[in-house]
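In: curious how this folds, go ahead:
(2 chains)
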Amino acid sequence: GDSVTQTEGQVALSEEDFLTIHCNYSASGYPTLFWYVQYPGEGPQLLFRASRDKEKGSSRGFEATYDKGTTSFHLRKASVQESDSAVYYCALIHSNYQLIWGSGTKLIIKP
Amino acid sequence: EAAVTQSPRNKVAVTGGKVTLSCNQTNNHNNMYWYRQDTGHGLRLIHYSYGAGSTEKGDIPDGYKASRPSQENFSLILELATPSQTSVYFCASGDPGGADSDYTFGSGTRLLVI
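Out: Next up is the predicted model:
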């Protein structure tokens, strides 16, 4: 079945560091891919989505490019801030119309 | 503003008791979902619904029932609560329309079963 893999369970960075969170998926065709962010005490909220090969999604300085060839949708940000501390989830939706979630990556910004 | 509202925000229940978690959405989405979130497990789908009167089993439905009496409301019911159901529960509404897919989550209900 369809699946999403996030390899980093936790990432610890300093302010202004470059962020990469890896997301690889397994699904046929062209599933819609998502990045969600979850702040403490809140529900997940959509960062952005992409549904076509080479499409770039972006929001709040974060971006990811849909890559069908490597089945990836890696999240990147050039310069993280303390306010970016949160859990980030990669997800996809495909033929069964259910969201398939990655396991999440906790981003910690060190003071 | 379109939203998903969950109630209660916090709940303490006794083992063997009945618990009902409520969810209301103003997004006019057809689909609604109940998830639980536990450390080390991420988000796991319990039940979902395609519209009023519809309920479907998700990945971990055992011990839970769901009810969708209207487009706006979707409830999760624990008939006989157990300590293993202590968790944070999230409701979401969704419109899985391909490139415009959109899912909105509530703020969660923290349930403690003692």
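
In: please name the bridge partners of the residue of chain B found nearest chain A.
Out: Chain A sits closest to B:Phe105 of chain B, with a gap of 3.2 Å, by C-beta to the nearest C-beta. The C-beta positions use only the backbone N, C-alpha and C, and glycine is treated the same way. Beta-bridge partners for B:Phe105, by DSSP bridges, are B:Ala92.

In: okay, now it: neighbour count?
Out: Using other C-beta atoms under 10 Å in any protein chain shown, B:Phe105 has 23 other residues around it.

In: got the buried residues for the lowest-mean-pLDDT helix or strand in chain B?
Out: When each helix and strand of chain B is scored by mean pLDDT, DSSP states H and E, strand B:102-105 comes last, with a mean of 87. For strand B:102-105, the neighbour count (16 or more other C-beta atoms under 10 Å in any protein chain shown) marks B:103-105 as buried.

In: who are the contact partners of residue 11?
Out: No chain in the question, so chain A it is. By C-beta atoms under 8 Å, 6 or more residues apart in numbering or on different chains, the residues touching A:Val11 are A:19, A:21, A:105-108.

In: wrong one, chain B
Out: B:19, B:21, B:109-112.

In: make TSV out of the residues you listed and add neighbour count, pLDDT and secondary structure.
Out: Converted to TSV, the contacts of B:Lys11 look like this (neighbours: other C-beta atoms under 10 Å in any protein chain shown; pLDDT from 0 to 100; DSSP: H, G, I helix; E, B strand; the rest coil):
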residue	neighbour count	pLDDT	secondary structure
B:Val19	21	98	strand
B:Leu21	23	98	strand
B:Thr109	23	97	strand
B:Arg110	15	97	strand
B:Leu111	21	98	strand
B:Leu112	13	97	strand
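
In: specify which member of the residues you listed is nearest to B:Tyr33.
Out: B:Leu21 (12.6 Å; C-beta to C-beta).

In: residues contacting that closest one?
Out: By C-beta under 8 Å, 6+ apart, B:Leu21 lies in contact with B:6-8, B:11, B:34, B:75-78, B:89, B:91, B:109, B:111.

In: which of these are buried?
Out: Using 16+ other C-beta under 10 Å, the buried ones in the contacts of B:Leu21 are B:6, B:11, B:34, B:75-76, B:78, B:89, B:91, B:109, B:111.

In: can you get me a residue count around B:Asn10?
Out: B:Asn10 has 10 nearby residues by other C-beta under 10 Å.

In: what residues are bridge-paired with it?
Out: B:Arg110.

In: shouldn't A:Thr71 be in contact with A:Ser26?
Out: Yes: at 6.6 Å, A:Thr71 counts as touching A:Ser26 under the criterion of C-beta atoms under 8 Å.

In: which one of those two has more residues nearby?
Out: Between A:Thr71 and A:Ser26, counting by other C-beta under 10 Å, A:Thr71 is the more crowded of the two (16 against 13).

In: that one and A:Gln98: what is the separation?
Out: To A:Gln98, A:Thr71 is 19 Å away according to C-beta to C-beta, to the nearest Å.

In: now do A:Val87
Out: Taking C-beta to C-beta, one finds A:Val87 at 20 Å from A:Gln98.

In: the residue in chain A that chain B sits nearest to - nearest residue in space that isn't next to it in sequence?
Out: Nearest residue of chain A to chain B (C-beta to the nearest C-beta) works out as A:Gly43 at 3.2 Å. Using C-beta to C-beta, 6 or more residues apart in numbering or on different chains and skipping the chain neighbours, the partner closest in space to A:Gly43 is B:Phe105 (3.2 Å).

In: fine by me, we can end here.
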